[in-house]
Structure formats: C-alpha cells, structure tokens
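Peer 1: prediction below, plus the sequence it came from.
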Amino acid sequence: MVRGAEDQGEQGLGLAGPVRDLKKARWLEGAQHAFGLGDRLVQHAQELGARQGTLLGELPGPVKRVPGREMIPFFPGMAPSISVVFPMWNEEAYVQRAVAAAREAVSEVTADWEIILVDDGSTDRTGELADALAREDARIKVIHNERNRKLGATLRAGYACATKELVVYSDADLPFDFKELARAVRLLDYQQADVLAAYRHDRTAEGALRTVYTLAYTHLIRMLFRVRVRDVNFSFKLFRRSLLERIELKSEGSFIDAEFLVRAKKAGASIIQIGVDYFPRSRGVSTLASPGVIVNILLEMARLWRELR
C-alpha cells in the first residue's frame, strides 16, 4: 500500500530523495511487483522442468494418475519430438508426395523430427527416390529390406529405427490429411494418453467389399480381444515411443495393427481415438484386402491367440 508522497523516501521505495508524485510512486511499486512476479514464474518453470520425467503420480495438476507407470508430460512450450514412419512397397508414385506432406505438417508441430522410409523390397523406383530425398535432408532416413517382408516386419523395422518421443505411422498413399497430426499430438498431450488411434468418418469410399471386410474384421478384434477401437487397421496411429519398451511386436503381416493395440492395452496403455476424413488411394493398387492378405491375418491371429488373450 502506498502512503502519502511526502512519507516516501529511502525507507519506502528505495529512491534517492522524497517522491512527491503519488502516481509515479504507485507506478514504480507496480513495476516492482511485476518484476517480483516474473521472478517467481521463472522459478516455478525451472521447478517444473526439473520434475519432468518423474512418476506421473507426483506431477502437479489435474492429470490422469496410473500408479507404477512412468510418463513424460508435454508442458506448455515444450513441443515433443516426432518420428514419422512410412512403410513402402512399390510406392514410386507416392514417396515424394508423402514426404512433402509429412515434412510440412510435422514442421508445424515441432522443430525436432525425423521421417523414416522403410522400402519393403520394392521392384520399382521407390528405394531410389527415397535415397535421393535422404541425401537432400539428413532428417530423412531410409531402410531397405532385401526382400518383401510384408507390413508387420516393415513397421517393426521402422519403429526400431525411431529415436523421437512420439511415433506416428501412416501409409504412403496419405489416407488422411497429414495436417491432422497437430490435433492428434495436442489431444494425446491433453488426455495424457499413450496411444491415439484414428478412425475414418466414412469408409464407403474404399468400395463395398473392402468396407464389409473392414467392419467385420474390426468387430472380430473387438469381440475376441476386447479392444474398443472403431477402426483397427486404419493407418494413422500416434503413440509414445516409450511404449515400445513395454511390448514386443511379432506379426509379420497386416495383423500388426491389431497386435499393437492388443499388446498396448495389455500393458496398461491409455488409448484414445479421433475421427478423420478418409482419402482412398488414387494411384496404384492396394493389396491389403486381397484374399492372400486376409488368410495371413487369420493365420497370424491364430498363432498369437494364446499370447494375446
């Protein structure tokens, strides 16, 4: 509280002489208060930074607490680093477009990122184009499978190469707008979740037969493994890389999406979902709904059944 101007001297505001302007005295006192508040905010931020990485149960604020599970939260102003993983087989028509879209979107979220292209034994120019992109930008990494190892082995290779805090997986044909990544990262942080699995608002664009396959398969996985995910095989999944230290993926083929979700659930991971607009492939031919792929999914499901139940 500021007293009369005549009473303010060296004992008051620490000025060389008496202050006769009451407005000036109040302004100076307000400035001192603001500086003091700023110092306290800096100190508080330093304390928060020092506590980053502690058990979630010890963190301040209204966050979900899971006893015995560690989680690194994303404090405001601390953007997470991100690894983008693209499995690719004969995607010469998409590789450059996919990298351009991912680079633009991820750069709007964080300055610390990498893009990992896994060439699964392509017989076209996919590997050559990927290598050219990597030579232009050191943040782009390329893995070459000597032979076609299918989706599961290809994703496992990409995940093993990832080094950032978050990992996002998508197909090279860009089935969703990659700008959705910013929303996904924000919601993963806001919900303090481990996994974000996106689902398609409208799946009918992929054709009636494949729509039936997708719905039936998702219902089967939900029923057998009690994983309440709306679109199991959709290729937009964002998760904390630390989760890979708690689960071991074994699928070689397209059962990898379901296996990842089931193992994440069994490990106590928190899974959230968001809906996105779906854009079907406009170049090349998808083989994910072929009879051979479907049979292999069922065989892998049977092989891992006891382990995943």
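Peer 2: Perfect, thanks for sending it. Numbers count the residues shown, from 1 in each chain.
Peer 1: lowest-scoring secondary structure element of the protein by mean pLDDT?
Peer 2: helix 22-51 (a mean of 45; mean pLDDT, DSSP states H and E).
Peer 1: where do the helices sit along the stretch 51-200 of the chain?
Peer 2: Here the stretch 51-200 of the chain has its helices, by DSSP state H, counting those that start in this stretch, at 95-107, 126-136, 150-161, 180-190.
Peer 1: among these, which comes closest to S83?
Peer 2: For S83, the closest of the helices of the stretch 51-200 of the chain is helix 150-161, at 8.0 Å, according to C-beta to C-beta. Using the backbone N, CA and C atoms, a C-beta is placed for each residue, glycine as well.
Peer 1: quick one: contacts of the closest one?
Peer 2: 85-89, 116, 118, 120, 141, 143, 145, 149, 167, 169, 241, 244, 249-256, 259, 288, 296, 300 (C-beta atoms under 8 Å, 6 or more residues apart in numbering).
Peer 1: filter those residues down to the buried ones, PyMOL style.
Peer 2: A single PyMOL command selects the buried members of the contacts of helix 150-161 (16 or more other C-beta atoms under 10 Å):
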select buried, resi 85+86+87+88+89+116+118+120+141+143+145+149+167+169+241+244+249+250+251+252+253+254+255+256+259+288+296+300
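Peer 1: what strand or helix carries R303?
Peer 2: In this assignment (DSSP states H and E), R303 forms part of helix 291-308.
Peer 1: repeat for R222
Peer 2: helix 208-225.
Peer 1: returning to what we had before: which helices and strands sit right next to the helix holding R303?
Peer 2: The contact analysis (3 or more C-beta pairs under 8 Å, 6 or more residues apart in numbering; DSSP states H and E) places helix 291-308 against helix 208-225, helix 256-266.
Peer 1: what's the angle between it and helix 208-225?
Peer 2: 10 degrees (axes from the mean of the first three to the mean of the last three C-alpha atoms, to 10 degrees).
Peer 1: buried set for helix 291-308?
Peer 2: Result for helix 291-308 [16+ other C-beta under 10 Å]: buried residues 293, 296-297, 300-301, 304, 308.
Peer 1: closest to F225 out of those?
Peer 2: Closest to F225, out of all of the buried residues of helix 291-308 and judged by C-beta to C-beta, is L308, at 6.3 Å.
Peer 1: chain neighbours aside, what residue packs nearest to that closest one?
Peer 2: Of all residues not flanking L308 in the chain, V262 sits nearest, at 4.9 Å (C-beta to C-beta, 6 or more residues apart in numbering).
Peer 1: tally of neighbours for the one you found?
Peer 2: The number of residues packed near V262 is 24, by other C-beta atoms under 10 Å.
Peer 1: if I pick it, what's in contact with it?
Peer 2: Counting by C-beta under 8 Å, 6+ apart, V262 touches 221, 225, 227, 308.
Peer 1: tabulate these in CSV, adding columns for pLDDT and distance to E206.
Peer 2: Formatted as CSV, those follow (pLDDT from 0 to 100; distance: C-beta to C-beta, whole Å):
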residue, pLDDT, distance to E206
I221, 95, 18
F225, 95, 24
V227, 94, 22
L308, 95, 27
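Peer 1: turn these into CSV, including distance to V99.
Peer 2: As requested, those are exported to CSV (distance: C-beta to C-beta, whole Å):
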residue, distance to V99
I221, 31
F225, 34
V227, 31
L308, 34
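Peer 1: which of those lies closest to T110?
Peer 2: Nearest member of those to T110, counting by C-beta to C-beta, is V227, at 29.1 Å.
Peer 1: now that closest one, nearest residue through space, not along the chain?
Peer 2: Nearest to V227 is L261, by C-beta to C-beta, 6+ apart, at 5.1 Å.
Peer 1: how near is D131 to V293?
Peer 2: Counting by C-beta to C-beta, to the nearest Å, the gap from D131 to V293 is 28 Å.
Peer 1: where in this protein is pLDDT low?
Peer 2: Scanning the chain for pLDDT under 70 picks out 1-77, 282-289.
Peer 1: center of it - which residue?
Peer 2: L238 (3.6 Å; C-alpha atoms, centre = their mean).
Peer 1: is that one in a bridge, and if so with what?
Peer 2: V168, L196 (DSSP bridges).
Peer 1: and the gap between it and G127?
Peer 2: For L238 relative to G127 (C-beta to C-beta), the value is 26 Å.
Peer 1: and Y278, what does it touch?
Peer 2: 175-176, 200-203, 205-206, 234.
Peer 1: rerun at 7 Å
Peer 2: By C-beta atoms under 7 Å, 6 or more residues apart in numbering, the contact list for Y278 reads 175-176, 200-203, 205.
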